[in-house]
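Undergrad: here is a sequence together with a model predicted from it:
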Amino acid sequence: QVHLVESGGGLVQAGGSLRLSCATSGRAFSWSAMGWFRQAPGKEREFVAAISWSGVSKDYSDSVKGRFTISRDNAKNMVYLQMNSLKPEDTAVYYCAVKVGMYDLVYNMREYDYWGQGTQVTVSS
């Protein structure tokens, strides 16, 4: 069993920054691909960012590319999402997810095995 707990969400003005953290426990974190997704009210959950097990490969949705950075610390079983130049359209609940035993990037949320409970990010204009 793998447990994920997100933190770092909150209310921020447009143009501001937040750093989300995702603490994991359980099975071999360092052998797993990780991802961040978000879900705004009335919308489907969408891909935000993904990182490979080694942390070398990363990718982002077009809407956040150049503003968000995903990273991981395998020694601490942590994954992060640094969010800069935030916009009101970034307002959503943000979730981290893990795909156990996958070395490469995973984009499809249906392929992930475990999810956190989410953390709210609200960006005011």
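TA: Done, it's in. Keep in mind it's a predicted model, so treat the numbers as computed, not measured.

Undergrad: show me where the protein has its strands.
TA: 3-7, 10-13, 18-25, 33-39, 46-51, 58-60, 68-73, 78-83, 92-99, 114-115, 119-124 (DSSP state E).

Undergrad: relative to residue 107, which of those is closest?
TA: strand 46-51 (5.6 Å; CB to CB). All C-beta spots, glycine's among them, are computed from the backbone N, C-alpha and C.

Undergrad: show the average pLDDT along the closest one.
TA: Taken as a whole, strand 46-51 carries a mean pLDDT of 98.

Undergrad: what comes up buried for that strand?
TA: 47-51 (16 or more other CB atoms under 10 Å).

Undergrad: ok, the most centrally placed residue in the chain - contacts?
TA: The centre of the chain sits closest to residue 36, judged by CA atoms, centre = their mean, with a distance of 2.3 Å. Applying CB atoms under 8 Å, 6 or more residues apart in numbering to residue 36 gives the contacts 20, 22, 48-50, 70, 79, 81, 94-97.

Undergrad: so what's it bridging to?
TA: On the basis of DSSP bridges, residue 36 takes part in beta bridges with residue 49, residue 96.

Undergrad: dump the residue contacts of the residue nearest to residue 84 when sequence neighbours are not counted.
TA: In space, and not counting its chain neighbours, residue 84 is closest to residue 17: 4.7 Å by CB to CB, 6 or more residues apart in numbering. Residue 17 makes contacts with 82-86, as judged by CB under 8 Å, 6+ apart.

Undergrad: mind putting the strands of the chain in JSON lines, distance to residue 108 included?
TA: Output for the strands of the chain, formatted as JSON lines (distance: least, CB to CB, whole Å):
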{"stretch": "strand 3-7", "distance to residue 108": "18"}
{"stretch": "strand 10-13", "distance to residue 108": "29"}
{"stretch": "strand 18-25", "distance to residue 108": "19"}
{"stretch": "strand 33-39", "distance to residue 108": "9"}
{"stretch": "strand 46-51", "distance to residue 108": "8"}
{"stretch": "strand 58-60", "distance to residue 108": "13"}
{"stretch": "strand 68-73", "distance to residue 108": "17"}
{"stretch": "strand 78-83", "distance to residue 108": "18"}
{"stretch": "strand 92-99", "distance to residue 108": "9"}
{"stretch": "strand 114-115", "distance to residue 108": "13"}
{"stretch": "strand 119-124", "distance to residue 108": "22"}
